[in-house]
Each structure stands twice: as C-alpha cells, then as structure tokens.
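1. Everything below, folded, please.
(one chain, ligands or ions: 2)
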Amino acid sequence: MIVILHPDTDKAEAAYRKLVAYIDELANVTYRVHDVVGASHTVTELYLIGNTAALDQREIESFEVVERVVRVSQEYRVLGRHKGDPRASGFTYNGVEFSQDELHVFAGLCAVSTREHVEAMMRALAAAGQVCTRMGAYKPRTSPYSFQGHGRACLPWVFELAGKHGLRVIAMEITHESHVDEIHAALEQSGRPTGVMVQIGTRNTQNFELLKYVGRQREYPVLFKRGFGITLEESLNAAEYLASEGNRNVIFCLRGMKTNLGDPHRNMVDFAHIPVVKRLTRMPVGIDPSHSVGSRERSADGILDVMHATAQGVIAGANLVLVDFHPEPARALVDGPQTLRVEELEWFLEDVRIVREAYLARRACMARLEPPQT
Ligand code: PEP
Ligand code: MN
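-> Ligands and ions are numbered 1, 2, ... in the order given. Coordinates of the predicted model:
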C-alpha cells in the first residue's frame with residue numbers, strides 16, 4: 001500500500017507525526033519513506049509493507065496530510081502502474097526529460113574506439129541537434145579473448161568531448177559495481193561536463209547484487225535491458241530491485257529475445273511488448289534495434305532491417321532508441337557488422353521523425369474517433 005501525502009508536507013508537522021504514530025501502532029506493518037523531488041514540489045510517499053490487506057484505506061485517507069492511498073498489487077510495487085495510481089512516470093536528468101510521452105535517440109558507439117572516432121560521432125550528433133548518445137567503455141563479451149572495452153582510461157576524454165559538443169546524457173553499460181564509482185570519479189574530476197545513464201546489459205538483468213548496488217545510488221538513472229532468455233515478468237521484477245533500493249529513475253529497454261531457430265536476425269524482435277510494459281509499469285520504454293537485428297541487411301524496398309525494426313518500435317510508442325553508429329564501421333572494435341555509418345545519421349533521424357509523427361497521429365485519432373466504452 002502506498003500512502004501519498006499532500007505536496008510539500010513538512011515532516012516536523014504535528015499532522016504528519018500523527019499519521020506516523022498511527023502506522024507505528026499497526027501490527028506486522030512496516031514502512032519506508034520516499035520523497036519524490038519535482039521541479040516545484042516535493043511529494044512524500046509512505047510505502048507500507050507487510051500485512052496491509054486488512055488495513056482500512058478510508059481510515060488512512062482521513063488523515064489530514066494524506067492525499068490518496070493506492071493499493072498495489074504484489075509485483076512491481078514501486079515501478080508498477082496500479083489501479084487508480086496517480087503517480088507520474090518519468091524523470092528529468094541533466095536537463096533532459098524522460099517519460100512515457102517523450103522520445104530520445106541515443107545513437108553512438110557500441111564500444112569507444114579512438115578519440116577521433118568519438119569526436120566524429122559527437123560532432124555529427126551535435127550538428128543533428130542531438131543531446132544524447134551511447135558510448136561503451138566496459139564491454140561484456142562472449143569470449144574472454146575479445147576486446148573488453150577501454151574501461152576507465154577513456155572516461156576523462158569521452159566526458160570532455162561530450163561536454164564540448166553539448167551532449168547531456170551518455171548511456172554507458174557497466175558490468176561491475178566499481179564501474180559506477182569510476183564513472184562518478186571521472187565525472188567529478190572533469191567538472192561534470194556531461195551526464196551518464198548507467199546501462200545494465202542483458203547478461204546482467206538478473207545480477208541482483210549489481211542491481212541493488214546501482215539501485216542504492218540515486219544520482220545516475222538506469223537504462224535497464226530486458227533479459228534475453230527469461231520471461232517479461234522476470235525482467236520487470238528484476239528492474240524493481242533498482243527501485244526497491246531507492247532508484248526509480250529507470251528506463252526499461254527491449255532488445256530482442258534469443259531463439260535458436262536459425263533466425264535471420266541476431267534476436268527475435270520484441271517491440272510489440274512496448275505497450276505491454278507501458279501498461280504494467282510507469283517506466284519509459286526503450287528499444288535497441290541494433291542488438292535485436294544485428295546486421296546491416298536491407299529489404300527489397302531499400303530500407304535496412306534495423307530501420308524497419310526501429311520504425312516498429314517508434315510507431316508503438318517507444319521512448320528511447322539505443323542504436324549503434326560508427327564513423328568507420330570497418331574499424332569498430334565491437335559489433336561493426338551491425339553498426340550504421342555516421343553519414344546515415346540524418347537519414348535515420350528523418351525516418352524516426354516520420355514514424356514518431358505517425359504514432360502521435362495514431363494517438364490523436366484514438367482520442368477523436370474511438371467509440372465510447374460501454
Ligand atoms: C549493448 O548495448 O552494447 C549491449 C551489449 O546490449 P545487450 O546487453 O542488449 O546485449
Ligand atoms: Mn554491441
């Protein structure tokens with residue numbers, strides 16, 4: 001059960017203490033306090049845990065400081081979308097707003113290679129009006145003999161170049177908790193020229209200790225990849241680990257599912273699940289067409305499969321597109337065969353714009369023409 005208080009309730013107030021004293025008296029119920037800090041108001045929520053089924057919702061709602069009480073289903077308590085749940089989705093990070101209504105493209109290098117490549121990518125992004133990118137410093141690889149990423153050595157110059165080109169958010173995968181500390185230290189030392197969204201890759205979806213660590217810090221939002229071989233419910237429960245530890249600034253990213261049916265694509269594209277995740281939770285939902293499709297194959301219509309898959313996600317309301325680009329794919333250190341070329345950025349963004357408009361038109365059409373529900 002979530003008890004939502006009136007905005008800007010002062011915890012020193014007698015009315016607040018009266019509510020807390022009441023909850024303290026309840027048998028087998030404990031609570032956690034969570035402050036949602038918005039641009040102009042702070043909303044305090046009390047998460048009641050334990051034997052809440054027997055509690056009288058009306059009685060709790062009658063307390064002066066209480067705005068509303070929401071009964072949550074067992075699963076995804078913090079990130080879930082519950083009946084009559086007024087809590088907003090999304091968050092603002094480093095001046096960029098993320099929600100179930102926004103759309104941001106994170107085009108960039110799967111793995112940081114040279115300074116020249118990073119700069120060429122960032123210059124192209126800035127010219128195209130982009131403020132987000134992806135840059136892999138820590139790469140989880142199938143083989144221990146493959147390139148594992150430049151690690152913390154590249155962070156200072158990657159952050160400096162991002163600042164120079166006005167990039168505000170870099171999606172960067174981490175595979176160990178120490179990587180969060182290394183990113184934090186490098187950002188501090190470079191004077192915070194940019195921001196980082198910590199990415200949890202599909203191989204770590206159920207690495208619960210890593211999730212708890214990342215969840216305990218609230219500074220960096222999290223781009224959380226769906227597990228490639230587990231149920232959607234298991235992946236959503238794993239995302240909830242982040243929120244249950246305190247970090248609810250989480251974007252859920254679809255990236256295809258592993259199948260063994262000789263598929264033409266690296267993974268089976270699962271972007272039809274965007275509306276499902278938006279219905280079950282309040283998280284913004286992203287897509288990774290590069291790691292889903294895994295190639296630069298093109299269809300008879302001349303359009304690349306990776307762009308068709310992107311379009312399928314965007315027309316279903318995706319809020320983030322994570323996509324591999326490289327100025328010199330032949331010299332990419334990871335995933336060169338699936339990467340788009342920097343010269344293709346304008347084409348890609350235009351395709352996304354066309355499809356996003358179609359999605360917004362679909363929403364408007366639904367609002368205008370849908371017959372009333374009976
Ligand atoms: C990536 O985005 O670079 C990546 C490795 O993706 P995934 O974890 O989805 O395989
Ligand atoms: Mn990759």
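2. Tell me the pLDDT of residue 74.
-> Predicted confidence (pLDDT) for residue 74: 64.
3. how many neighbours does the residue in the stretch 251-374 of the chain that ligand 1 sits nearest to have?
-> Nearest to ligand 1 in the stretch 251-374 of the chain, going by CB to the nearest ligand atom, is residue 255, at a distance of 3.8 Å. Heads up, the C-betas are built off the backbone N, CA and C, glycines and all. Residues lying near residue 255 (other CB atoms under 10 Å) number 24.
4. likewise residue 175?
-> 19.
5. Let me know the pLDDT of it.
-> 97.
6. quick one, what contacts it?
-> Residues counted as contacts of residue 175 (CB atoms under 8 Å, 6 or more residues apart in numbering) are 138-140, 201, 203-204, 210.
7. Name the spans of this structure whose pLDDT lies under the cut-off.
-> The chain contains residues with pLDDT under 70 at 73-74.
8. quick one, strands of the stretch 251-374 of the chain?
-> Under the criterion DSSP state E, counting those that start in this stretch, the stretch 251-374 of the chain contains strands at 285-287, 320-326, 340-341.
9. will you turn those strands into a markdown table that also has distance to residue 37 and mean neighbour count?
-> Formatted as a markdown table, these follow (distance: least, CB to CB, whole Å; neighbours: other CB atoms under 10 Å):
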| stretch | distance to residue 37 | mean neighbour count |
| --- | --- | --- |
| strand 285-287 | 23 | 27 |
| strand 320-326 | 22 | 26 |
| strand 340-341 | 38 | 18 |
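10. what about the longest helix in this protein?
-> Criterion DSSP state H: the longest helix present in the chain is helix 345-369.
11. Report the contact partners of the residue most central in space within the chain.
-> In the chain, the centroid-proximal residue (CA atoms, centre = their mean) is residue 251; its distance is 1.6 Å. Residues counted as contacts of residue 251 (CB under 8 Å, 6+ apart) are 98, 197, 221-224, 283-286, 319-320.
12. Recalculate using a threshold of 6 Å.
-> Residues in contact with residue 251 (CB atoms under 6 Å, 6 or more residues apart in numbering) are 223, 284, 286, 320.
13. Could you find the closest non-adjacent residue to the last one?
-> For residue 320, ignoring the flanking residues on the chain, the nearest one in space by CB to CB, 6 or more residues apart in numbering is residue 286 at 3.3 Å.
14. contacting residues for the one you found?
-> Here residue 286 is in contact with 251, 253, 320, 322 (CB under 6 Å, 6+ apart).
15. can you do 10 Å?
-> Residues near residue 286 by CB atoms under 10 Å, 6 or more residues apart in numbering: 98, 103-104, 106, 171, 223-226, 251-255, 274, 277, 313, 318-322.
16. Over to residue 120?
-> 109, 114, 325-328, 342.
17. Pull out the buried members of those.
-> In these, burial by neighbour count holds for 109, 325-327, 342, counting by 16 or more other CB atoms under 10 Å.
18. Next, work out how far apart the closest residue to ligand 2 within the stretch 51-200 of the chain and residue 121 are.
-> Per CB to the ion, residue 110 is where the stretch 51-200 of the chain lies closest to ligand 2, at 3.6 Å. Residue 110 sits 11 Å away from residue 121, going by CB to CB, to the nearest Å.
19. Now do the shared contacts for those two.
-> Residues touching both residue 110 and residue 121 (CB under 10 Å, 6+ apart): 134-135, 325-326.
20. how about the contacts of residue 251 in CSV, adding distance to residue 5?
-> Converted to CSV, the contacts of residue 251 look like this (distance: CB to CB, whole Å):
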residue, distance to residue 5
223, 30
284, 25
286, 31
320, 31
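21. And the furthest pair within these?
-> 223 and 284 (9.7 Å; CB to CB).
22. Stretch 145-158 near ligand 2 at all?
-> No: Stretch 145-158 does not reach ligand 2 (CB under 5 Å from the ion); its nearest approach is 10.5 Å.
23. Check which residues of that stretch are buried.
-> 148-150, 152, 154-155, 157-158.
24. picking that back up, and residue 94, which of the strands of the stretch 251-374 of the chain is closest to it?
-> Closest of the strands of the stretch 251-374 of the chain to residue 94 is strand 320-326, at 14.7 Å (criterion: CB to CB).
25. Quickly run through the sheet partners of the closest one, with directions.
-> In the sheet, strand 320-326 lines up against strand 104-109 (parallel), strand 285-287 (parallel), strand 340-341 (parallel) (DSSP bridges).
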